[in-house]
Each structure stands twice: as C-alpha cells, then as structure tokens.
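Undergrad: Need coordinates for the following:
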Amino acid sequence: MTEREPFRVEIKVRHYELDTLGHLNHAVYHSYGEVARIEAMELAGGGKLREENVSPVLLESHIVFRREIRGGETVYATCEAKFGTGKTFRMTNNILKADGTLSAEITSTLGLMDLERRKLVEDPRGRFECAGVDLSVLGAE
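TA: Numbers count the residues shown, from 1 in each chain. This next block holds a predicted model:
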C-alpha cells in the first residue's frame, strides 16, 4: 500500500516577503500555511459549511523553522487534518523547498465556529461529513 501525498500548493516567494537578513520573514510562513489550509478546504468543499452557518476558526499555531527560504524560490505548502474527539482538530502544514527539503513545520489547532452563537460546535469531523466535505482532500482517515 502506498502512502497518499498530502494536499499541496505551489507558492513563489516574493522579494517584499523577505526580512532584513534576506530570507523569508517568519510571519510569512504562517501566511503560506493559511494559503494551503484555505485552498485545501475550498477543494474539499468546505464552503458548504457556510450554508450551515459554521466556519473553521484558527485557535492556535506553532511553527518550527528548519531551513531558510530566500527570495525568488518556489516552495510548496502542504496541508493535512487530524481529527480526534472534542470540539477541536489539528492541521499540519509543511513548507517545502522545491527540492523537497523541509523548511518549516506548522501545527495548528482549529475548531468549527457557529457564526451566530460565536461558539465552537461539537464533533467537527461529523459536521464536515454531514456538509459533504471531502475529508480525503484534507488527508483525514
């Protein structure tokens, strides 16, 4: 059995995203992770959640930097979801250089917020499934 490749999006590093040392600014790594999360959710059909008046919300984010990225490089941001029990779930983003070198690992905790009540809903995986979201795009088992 072969392992499935995670969702990934290609991003070209723009020069205005660099810091004074000439490498990608720390905050931009988080932005790249967000790009991957949003694009994966869109591809999976996550927009259907809005019809139920719920939306993913980022609760926590942690990053580990491994290798620098410089202007003009092309990188790939991956996205995978892991569901457990409770009101939250995890998403992992890896930022990879074009040659596959791991540049950064981002782990995030998310929930699904009821947009009217402004509270997290129970069983986010179940809500995704009921809305017809394709969780395989997000790497969920």
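Undergrad: Need the three-state assignment for the nearest residue to Tyr29 once chain neighbours are set aside.
TA: Using C-beta to C-beta, 6 or more residues apart in numbering and skipping the chain neighbours, the partner closest in space to Tyr29 is Ala104 (4.9 Å). For glycine as for every other residue, the C-beta is placed from the backbone atoms N, C-alpha and C. Classification of Ala104 using DSSP: H, G, I helix; E, B strand; the rest coil returns strand.
Undergrad: One more: Gly139?
TA: In three-state terms, and counting by three-state DSSP, Gly139 is coil.
Undergrad: While we're on it, how confident is the model there?
TA: Looking at Gly139, its pLDDT reads 87.
Undergrad: chain center to the lowest-mean-pLDDT helix or strand in the chain: distance?
TA: The weakest-scoring helix or strand in the chain, judged by mean pLDDT, DSSP states H and E, is helix 48-51 (a mean of 90). With C-alpha atoms, centre = their mean, to the nearest Å as the basis, helix 48-51 stands 18 Å off its chain's centre.
Undergrad: Name the residues of it that are buried.
TA: Residues of helix 48-51 classed as buried under the neighbour-count rule (16 or more other C-beta atoms under 10 Å) are Leu49.
Undergrad: got it, and stretch 130-141?
TA: By 16+ other C-beta under 10 Å, the buried positions in stretch 130-141 come out as 131, 133, 135, 137-140.
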